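Colleague: coords please:
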Amino acid sequence: MGAQDYASYHDAELVPPHGYLAFYFWLRDVWHADAMVHVGKHGNLEWLPGKSLALSAQCWPDAILGPLPHLYPFIVNDPGEGAQAKRRSQAVIIDHLMPPLTRAENHGPLQDLERLVDEFYDALLVDQRRAEWLRRQILAIVREQHLLQDLPRDPARAGSDEEDDDDALLARIDAYLCELKETQIRDGLHVFGQSPQGTQRRDTLLALARFPSDGDRPGMLQALADDLLGADFDPLRIEPARAWAGARPLALQEVSDEPWRHEGDTRERIELLAARLIDKPEPAAEWPQTRAALAHLHDTLAPALDACGEQEITQLLRGLNGRFVPAGPSGSPSRGRPDVLPTGRNFYTLDSRAIPTPSAWELGQQAAAKVLERYLQEHGEYPRTLGLSVWGTATMRTGGDDIAQAFALIGVRPKWAAGSHRVVDFEVVPRVGLGRPRVDVTLRISGFFRDAFPNVVQMFDAAVQAVAALDGEDAEENPIRARIDEERAALQADGMAEEAARRQAGWRVFGAPAGHYGSGLQGIFQTGAWQSEDDLARAYLQWSAFAYGQDADGVPALGALTRRLGQLDVALQNRDSGEHDVLDSGDYFQFHGGMAAAATHLSGRQPALYHGDHANPQQARVRSLGEEIARVVRARVTNPKWIAGAMRHGYKGAFEMAATVDYLFGFDATTHQVADHHYAMVTDAYLLDERVHDFLVRHNPDALRDMTNRLLEAMQRGLWEEPSDYREKLEDLLLDHEQRMEGRG
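Modeller: Predicted coordinates:
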């Protein structure tokens, strides 16, 4: 597929090409299809030009599909894009399960490193000379594997002598290895009509039972912790590196021979015991919480999971027979939403008037505090300005974590109606009650968020204006008011009318033009039509420069957006589910990376780039973007466990690998947060590993070629700065591929 072909039906400015139209019209009017099934989320029909709501015959999706019945198998954890298909292409959703989930575990050199770290702490107690030798071995492997660059830094110790102390470094390594192996990753892909079996079933059930659900029902881990360790230990709110000084019951000792030093080890043992109990449920009589959790798992969760495959096929056939497909909720099953199972239902989303929900508000406040704490530790002051990307799908999954965080940052609290929990108003938190300066937050909303939550956009805008109208707060306490006043005066000095100047100065919500979607970067990356980061920044700015709010519905506002992003201290993006990561989708680098590139282009300095991890709804975490990319590369991208899962799916598995390389490249192009050794690790794992290379040759040689070209492009653009002999190896691979293709021709 050429770049022009791609643009012709993905560019919202262009009408569909004749071939595209002819195919659909042939299906309808010549072949006389009785119904149509689109397979796989995020097609292009539902994103074609036209109105967002109540489409007319002049809107392209309606003109193309007409009255034809439309069934759409769609992953259950993506309510936003599924709702778009329902709204703009009359789709009846047949939702399906997410891929099976499992723990990453450590692999390769990291597995060896974990063993050496365990030996080191044992030797400290009995043999100081051996401990010193092991220390040297560990630090040598750390340098060899470039771990020093990837280890999360302790912001509280940044720049101190203690940061470089060997003992402190060893503690950080120990905690990092624990975090990596506990990371939740996908084990292959979901096959429509098949429920997970064997180990995949057990691990997925554990993921479903990990977090509280059905209101106050404790998850499996919490139930075990309550029974074995007492209510004071919450496995979902631990500090993995903190030393463990609590009880060591026999049941937890028996599940592992590994050392038991810190809270991370305690949680790991609880998880191992939970997995064992899922396979063979034999909880002791004195474990009442665990018995109740297991009963719920085996009586409710397991039957729901097992029914998914059959229901997906059954309900698709019911729809094709013109029968009713039952409705059901949507969301991330492993984020405390097992009620979305079994799949096979025509999912719905949520009441848009209830955003943010009370639970989202709790997490949003915590997430705001984490970001402020991180910035304060790293910079010695609070951030004054912050840019946040907000997506409609994530909002539907979480009930509005992102918006809640934005409210908390500016110092505003939502008010809910009794009974319905709909948000009916907001109140400004007094400066005394806030205990810190307010943060001037700019939102870059997705096109779907704009369509689905216009009420939330208007409410956030109203909240910003209310904060700007406060009296008695100086510029340090209320940078929102200070910046609006300053910008209004400057615009008036340039000749703008007072009312228009005040309105522009107050804009804080921006997005794509009305009726359009995306960040502006997808097409430019697909075609390669860019020379530098500045080109990417300009594309993002042009496509994002439309203001939304109480008095603005897609008003062109390039000047206002330029002023906002040129002053950013922080560019933030959150991820709400462990069912995906930042290298799973191009949207992450296009939105977060696009904002970073634009801010850097405008100000000449890169803002702090933070990634909010909200996958655990009990404990928000914040990492630098570089830390998050490194974590994903080590835990999932180069993990033989994930690669083996992808390889079970042939062509599609190879596509997943190639897409991951594209997204890694995209983040480096926009943010420069990808290190040379990350490229090397991916090259070794995908292209230079003989078994994986042979798989690519057999199942998807195009993916092999695309990955090779993308990595060579990273070198040519100076992103992979010192590739050493990798350039020659990749060029040889590309030549070999071309010769093989010629031979087949």
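Colleague: the stretch 551-700 of the chain: strands as residue ranges?
Modeller: 552-556, 570-575, 608-613, 621-624 (DSSP state E, counting those that start in this stretch).
Colleague: who touches Pro281 in this structure?
Modeller: Applying C-beta atoms under 8 Å, 6 or more residues apart in numbering, we find Pro281 in contact with Leu294, His298. (Each C-beta comes from the backbone N, C-alpha and C, glycine too.)
Colleague: that one falls within a helix, correct?
Modeller: No: going by DSSP: H, G, I helix; E, B strand; the rest coil, the assignment for Pro281 is coil, not a helix.
Colleague: so for Arg422, what's the nearest residue that isn't a sequence neighbour?
Modeller: Arg353 (4.4 Å; C-beta to C-beta, 6 or more residues apart in numbering).
Colleague: picking up where we left off before, ranking the strands of the stretch 551-700 of the chain by burial, who's on top?
Modeller: strand 570-575 (a mean of 26; mean count of other C-beta atoms under 10 Å).
Colleague: helices and strands around that strand, which ones?
Modeller: helix 358-379, strand 385-390, helix 401-410, helix 594-603, strand 608-613 (3 or more C-beta pairs under 8 Å, 6 or more residues apart in numbering; DSSP states H and E).
Colleague: same question for the third one, mean pLDDT?
Modeller: Think helix 401-410. For helix 401-410, mean pLDDT rounds to 98.
Colleague: one more: the last one?
Modeller: Averaging pLDDT along strand 608-613 yields 98.
Colleague: next one: the first one
Modeller: Mean per-residue pLDDT for helix 358-379: 97.
Colleague: contacts for that helix next, please.
Modeller: Applying C-beta under 8 Å, 6+ apart, the set of residues contacting helix 358-379 from outside is 155-156, 158, 356, 382-383, 386, 398-409, 413-414, 416, 421, 436, 439, 569-570, 572, 574, 608, 610, 612, 614, 617, 619-622.
Colleague: out of everything not next to it in sequence, what's closest to Ser603?
Modeller: Leaving aside its chain neighbours, Ser603 sits nearest to Gly566 (4.9 Å; criterion: C-beta to C-beta, 6+ apart).
Colleague: thought that neighbour was touching Ala599?
Modeller: Yes: using C-beta atoms under 8 Å, Gly566 is in contact with Ala599, at 7.0 Å.
Colleague: what about the two, which has more around it?
Modeller: Ala599 (26 against 15; other C-beta atoms under 10 Å).
Colleague: quick check: that one touching Val570?
Modeller: No: if you go by C-beta under 8 Å, Ala599 and Val570 don't touch, sitting 9.4 Å apart.
Colleague: identify the contacts common to those two.
Modeller: Common neighbours of Ala599 and Val570 (C-beta under 8 Å, 6+ apart) are Gly387, Pro607.
Colleague: how about low-confidence regions in the stretch 51-200 of the chain?
Modeller: 154-164 (pLDDT under 70).
Colleague: any idea how far Phe453 is from the residue nearest the centre of the chain?
Modeller: Nearest to the geometric centre of the chain sits Arg575, at 3.4 Å (C-alpha atoms, centre = their mean). Arg575 sits 19 Å away from Phe453, going by C-beta to C-beta, to the nearest Å.
Colleague: before we move on, back to that, residues contacting the residue nearest to the centre of the chain?
Modeller: Ala394, Asp581, Val582, Tyr588, His611, Gly612, Asp613, His614, Ala615.
Colleague: might you report the residue contacts of the nearest residue to the second one once chain neighbours are set aside?
Modeller: For Asp581, ignoring the flanking residues on the chain, the nearest one in space by C-beta to C-beta, 6+ apart is Val632 at 4.7 Å. Applying C-beta under 8 Å, 6+ apart to Val632 gives the contacts Asp581, Val582, Leu583.
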